[in-house]
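Novice: predicted coordinates and the sequence they were generated for:
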Amino acid sequence: MLSENIKNLRRAKGLSQEELAVKLHVVRQTVSKWEQGLSVPDADLLLSLSEVLETPVSTLLGETLTMPKADDITAISEKLEVINLQLARRKTARRRLLCGFLLAVCVIVAVLSAVFIVMDGSYLAWDYQDPETAVLGTLVHGAEWLFVRAAPVVLAGAAVGIFLLRKGE
């Protein structure tokens, strides 16, 4: 894959990510993203990358192409399009996963709210002379106290997160 080829060829040339970035006039984080497969270089940078690493673009892309020069750019753009589509699918899957997680947080907050409402402080009438009951009652009271203060913030944050994720799609 492109990311592995960039990393292997850079290391074979004895270049650090920073040194390669300087030669390509990009920041080190850009090279890191290429090597992690989080993004891909555009066609111009891919050509510059092949020159700096002294290797054909086809080798970077993982194939040996025997097409004429004019078709190289077309083949490169087609491969980059496929890679960009794969990255877009990953991004969409991550957004959906995060949205599902935030939705689960909202449901958990709602369920815990219902539990505390149903309990209606019934633990306050327990016999606190018994040490085990006293400890359990104190833990329940502490959990309710913490929940009442944290739940609105967590619920609002999750709702805003879901809204922003949906808006971004």
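Specialist: Sure thing, it's come through.
Novice: against which helices or strands is the host helix or strand of Leu146 packed?
Specialist: Assigned by DSSP states H and E, Leu146 belongs to helix 131-168. Helix 131-168 is packed against helix 69-119, with contacts defined by 3 or more CB pairs under 8 Å, 6 or more residues apart in numbering; DSSP states H and E. From N, CA and C alone the C-beta is placed, and that goes for glycine too.
Novice: burial measure for Ala43, as a count.
Specialist: Ala43: 15 surrounding residues under other CB atoms under 10 Å.
Novice: residues touching it, list them.
Specialist: Listed by CB atoms under 8 Å, 6 or more residues apart in numbering, the contact partners of Ala43 are 73, 76-77, 80.
Novice: can you select the buried ones among those for me in ChimeraX?
Specialist: Those of the contacts of Ala43 that count as buried under 16 or more other CB atoms under 10 Å are selected in ChimeraX with:
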select :76,80
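Novice: same list (the contacts of Ala43) but as a markdown table, adding pLDDT and distance to Leu164.
Specialist: Shown next, in a markdown table, are the contacts of Ala43 (pLDDT from 0 to 100; distance: CB to CB, whole Å):
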| residue | pLDDT | distance to Leu164 |
| --- | --- | --- |
| Ile73 | 78 | 38 |
| Ile76 | 82 | 35 |
| Ser77 | 83 | 32 |
| Leu80 | 88 | 29 |
